[in-house]
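S.K.: A predicted structure for the sequence below; I have some questions about it.
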Amino acid sequence: MTKIDYKKELGELYKVSPTVPAVVEVPPLNYLMIDGEGDPNTSQAYADAVATLYTVAYTIKFAIKKGPVAVDYGVMPLEGLWWADDMRVFDAGDKSAWKWTMMILQPPIVTAEQVADGIDAARRKKNPPAIDRIRFDRFDEGLVAQVLHVGPFSEEGPTIARLHDFIGERGALSGKHHEIYLSDIRRADPARWKTIIRQPMTARG
């Protein structure tokens, strides 16, 4: 059986420094996605979205592992795009007004047909609450700057500000605030949580 570590395959997207931001070009990638809005700390829709994404992602993984190609890979980390219609509200931290797209990257071996089969199988076996909201889509993020934040989400502010200053010296912000959650927050000490903070940008000149 072939085993593939896609975090290693996509090394520069996941090996991120906590001290020095870096500019990288993100290729078009395929994701399971669910859209929603509201405070992630209190929103049932958010909890439902995350649970559903993991259920479908693992269903697809195990089907491929048992299938004729027999490839074993680790399910990729949860990611989130975050924004608000009025970005002043977003910056002020009124999370009830936040909008989000939660997503899990799918390896290139995963086809649209396999995703459809995985969604059907997950619906039959577990019927997770947001199963009718999930979609399989291609996301072309392009040029970004990113840095690793170590610590609880509530302390991301200075890390984000440092990343935005880094971008301001080289161009301008564009697109949605993007976070990639590398830690299992159910088990890890919040002081050790690792989150990639990624921000699309346009380069000056």
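M.R.: Noted; the coordinates are in hand.

S.K.: mind listing what's buried in stretch 197-205?
M.R.: Using 16 or more other CB atoms under 10 Å as the test for burial, stretch 197-205 gives 197, 198, 199, 200, 201. For glycine as for every other residue, the C-beta is placed from the backbone atoms N, C-alpha and C.

S.K.: among these, which are in helices?
M.R.: Among those, no member is found in helices (DSSP state H).

S.K.: nearest to residue 123, of the residues you listed?
M.R.: The closest of these to residue 123 turns out to be residue 198 (CB to CB; 31.4 Å).

S.K.: Am I right that the closest one is in contact with residue 144?
M.R.: Yes: using CB atoms under 8 Å, residue 198 is in contact with residue 144, at 5.1 Å.

S.K.: State the distance from the spatially most central residue of the chain to residue 111.
M.R.: Closest to where the C-alpha atoms of the chain average out (CA atoms, centre = their mean) is residue 79, at 1.3 Å. With distances taken as CB to CB, to the nearest Å, residue 79 is found 21 Å from residue 111.

S.K.: other SSEs contacting the top helix by length along the chain?
M.R.: Identified as the longest helix of the chain according to DSSP H is helix 44-66. Under the contact definition 3 or more CB pairs under 8 Å, 6 or more residues apart in numbering; DSSP states H and E, helix 44-66 sits against strand 29-37, strand 71-73, strand 78-83, strand 99-106, helix 112-125.

S.K.: picking that back up, next, show the common contact partners of residue 198 and residue 144.
M.R.: 26, 178 (CB atoms under 8 Å, 6 or more residues apart in numbering).

S.K.: What is the nearest of the buried residues of stretch 197-205 to residue 119?
M.R.: Within these, the smallest distance to residue 119 is 26.9 Å, found for residue 198 (CB to CB).

S.K.: about what we covered before: which residues touch the residue nearest to the centre of the chain?
M.R.: For residue 79, the contact set (CB under 8 Å, 6+ apart) comprises 31, 102, 103, 104, 105, 178, 179, 180, 181.

S.K.: give the contact list for the residue lying closest to residue 128 once chain neighbours are set aside.
M.R.: Leaving aside its sequence neighbours, residue 128 sits nearest to residue 52 (CB to CB, 6 or more residues apart in numbering; 4.0 Å). Residue 52 is in contact with 34, 122, 128, 129, 130, 131, 133, 134, counting by CB under 8 Å, 6+ apart.

S.K.: how near is residue 52 to residue 22?
M.R.: Distance from residue 52 to residue 22, counting by CB to CB: 32 Å.

S.K.: do the same with residue 72
M.R.: Using CB to CB, residue 72 is found at 30 Å from residue 22.

S.K.: do the same with residue 111
M.R.: 32 Å.

S.K.: How about residue 122?
M.R.: Noted for residue 122: a distance of 36 Å to residue 22, by CB to CB.

S.K.: for residue 2, same thing?
M.R.: 30 Å.

S.K.: Settle it for me: which of those two has more neighbours?
M.R.: More crowded of residue 2 and residue 22, by other CB atoms under 10 Å: residue 22, with 14 against 10.

S.K.: Good, we can wrap up now.
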